[in-house]
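Visitor: My questions concern the predicted model and sequence given below.
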Amino acid sequence: MLKEFKEFALKGNVMDLAVGVVIGAAFGKIVTSLVNDIITPLIGLLLGKVDFSNLFISLTGTHFNTLKEAKDAGAATLNYGLFINTVIDFVIIAFSIFIVIKQLNRFKRKQEVVKAPDTTKECPHCITSIPIKATRCPNCTSMLEAKGTEPAHS
């Protein structure tokens, strides 16, 4: 059982997935920092010095100036500002992934080889490869169906 697990864990796809998860976590931290430290403060400044992380509703009915005060007092809060930050995080990450996948698909399409049209077919009698336009097999001399006509009889 240990041997099977080792084979599974060391397969290329599992290792690729592990690397992807680690890079994704690091990317998520970068995007979170971008949102919390750059984008949200700029949006807050444009909207009149609003700090999204301090937008909340106290469910106890008591007024608190900051979310930290409410948390320290043990008050239940509805943190819609933090939710806005999380939504902005998600949109940026989703858009970034969309751009990366779009670019990968573009590279993949460039690598696809254009398939040339078939120039041969298989003789149904002797199973050898012959030109598509042939009406008689050069190997077994059987009469073949010509495209668009009734079957030929030998």
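Guide: On my side now, so go ahead.
Visitor: Against G20, how distant is N13?
Guide: Between N13 and G20 the distance, using CB to CB, to the nearest Å, works out to 10 Å. Where you see a C-beta, it was placed from the backbone N, CA and C, and this is true even at glycine.
Visitor: More neighbours: the two, which one.
Guide: For N13 and G20, the more surrounded residue by other CB atoms under 10 Å is G20, and the numbers stand at 11 against 8.
Visitor: what sits against that one?
Guide: Contacts for G20 (CB atoms under 8 Å, 6 or more residues apart in numbering) come out as none.
Visitor: in which helix or strand would I find it?
Guide: In this structure, G20 is located in helix 12-34 according to DSSP states H and E.
Visitor: what is the mean pLDDT for that helix?
Guide: Averaging pLDDT along helix 12-34 yields 82.
Visitor: CA atoms of the helix or strand following it as CSV?
Guide: Past helix 12-34, heading to the C-terminal end, the next element that is a helix or strand (DSSP H and E) is helix 40-46. These are the backbone C-alpha positions of helix 40-46, laid out as CSV (Å, rounded to 0.1, in the frame of the first residue of the first chain):
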residue,chain,number,x,y,z
THR,A,40,-8.9,49.6,-1.6
PRO,A,41,-7.2,52.7,-0.1
LEU,A,42,-7.3,54.4,-3.6
ILE,A,43,-11.0,53.6,-4.0
GLY,A,44,-11.6,54.7,-0.4
LEU,A,45,-9.8,58.0,-1.1
LEU,A,46,-11.9,58.6,-4.2
